[in-house]
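**Student:** build me a model from this:
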Amino acid sequence: MLLEPWIPFVLATAAFAFVPGPAILYMTAQTVAHGRQAGLMAALGIHLGCYFHIAAATIGLASLIESAPTVYAAVRFAGATYLVWLGVSMFLGWNHGAENCEVQRPNTLRDSIVVEVLNPKTALFFLTFLPQFVDSGAAVPLWLQFLVLGVVVNLVFSAADVGAVGLASVTLGRLSSNASSWVVPKACGSILIGLGVTLVTHQV
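**Tutor:** Have a look, this model is predicted:
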């Protein structure tokens, strides 16, 4: 793989990574609702879930989603339903108290992995973005090029996600406890519900 294609690849990846999108909104909601630790667990879950799509793109399974609209619609609906369920739970379950926040944090990692795996737009992103930077004439096998490029994209995106969690945690520290005890779960739950509705209604 030549060095020249890496320059536009890194620039394009950074441009996508640092533009606020659904993943950043999701992690911001988790951070503001449950604290910085939950936000970091959400970022880690999204990062780990993304490897599922990298593997799919590497072995070619992601093309199934592009060629089978029914499969894409089913996966998108499942992911949207899960996001809405998380949002409703957050919207209605905040009043369980601070102790329950500690209990819920371990589930954040699992929930975030599921959210990312059930996001077909991530699969389509890798399927359409990575081939632009693959060199079919290189000595490196195509599958390895897909894998390396996908891992780099995931790492850059995760760096942006961690930055978003940091900014959200700073914002959280400035909220008064009286106001946040009611407003925060409602706002964050609404964000997740909105993301779910957008995922199922927006046509790619």
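**Student:** going forward, measure contacts between C-alpha atoms and count neighbours the same way
**Tutor:** Will do.
**Student:** for the helix or strand hosting residue 164, name the packing helices and strands.
**Tutor:** Taking DSSP states H and E as the criterion, the element that holds residue 164 is helix 142-173. Here helix 142-173 touches helix 6-17, helix 22-34, helix 36-59, going by 3 or more C-alpha pairs under 8 Å, 6 or more residues apart in numbering; DSSP states H and E.
**Student:** may I see those arranged in CSV, with distance to residue 147 and mean neighbour count as well?
**Tutor:** Below are these laid out as CSV (distance: least, C-alpha to C-alpha, whole Å; neighbours: other C-alpha atoms under 10 Å):
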stretch, distance to residue 147, mean neighbour count
helix 6-17, 14, 14
helix 22-34, 21, 25
helix 36-59, 6, 23
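**Student:** quick check: the residue nearest the centre of the chain vs residue 46, distance?
**Tutor:** Residue closest to the mean C-alpha point of the chain, counted by C-alpha atoms, centre = their mean, is residue 23 at 3.7 Å. According to C-alpha to C-alpha, to the nearest Å, residue 23 stands 8 Å off from residue 46.
**Student:** next, count neighbours for residue 68.
**Tutor:** By other C-alpha atoms under 10 Å, the residues close to residue 68 number 10.
**Student:** phi, psi of it?
**Tutor:** phi -120, psi 90 (degrees, to the nearest 10).
**Student:** do you know the pLDDT at it?
**Tutor:** As predicted, residue 68 sits at a pLDDT of 71.
**Student:** that one and residue 117: what is the separation?
**Tutor:** Distance from residue 68 to residue 117, by C-alpha to C-alpha: 17 Å.
**Student:** next secondary structure after the worst-scoring helix or strand of the chain on mean pLDDT?
**Tutor:** The helix or strand of the chain with the poorest confidence is helix 62-67; it has a mean of 62 (mean pLDDT, DSSP states H and E). Where DSSP H and E defines the elements, the next helix or strand beyond helix 62-67 is helix 69-93.
**Student:** chain center to that next one, what's the gap?
**Tutor:** 13 Å (C-alpha atoms, centre = their mean, to the nearest Å).
**Student:** kindly report the same for stretch 123-130.
**Tutor:** Counting by C-alpha atoms, centre = their mean, stretch 123-130 comes out at 14 Å from the chain centroid.
**Student:** how about stretch 144-162?
**Tutor:** 12 Å.
**Student:** out of the helices and strands packed on helix 142-173, which gets nearest to residue 198?
**Tutor:** Of all these, helix 22-34 sits nearest to residue 198, with 9.5 Å by C-alpha to C-alpha.
**Student:** quick check: which ranges of the protein have low pLDDT?
**Tutor:** Along the chain, segments meeting pLDDT under 70 span 1-5, 61-66, 72, 75, 93-106, 136, 172-185, 199-200, 202-204.
**Student:** could you redo the last one with a cut-off of 90?
**Tutor:** Within the chain, the segments meeting pLDDT under 90 span 1-36, 56-108, 115, 118-146, 164, 167-204.
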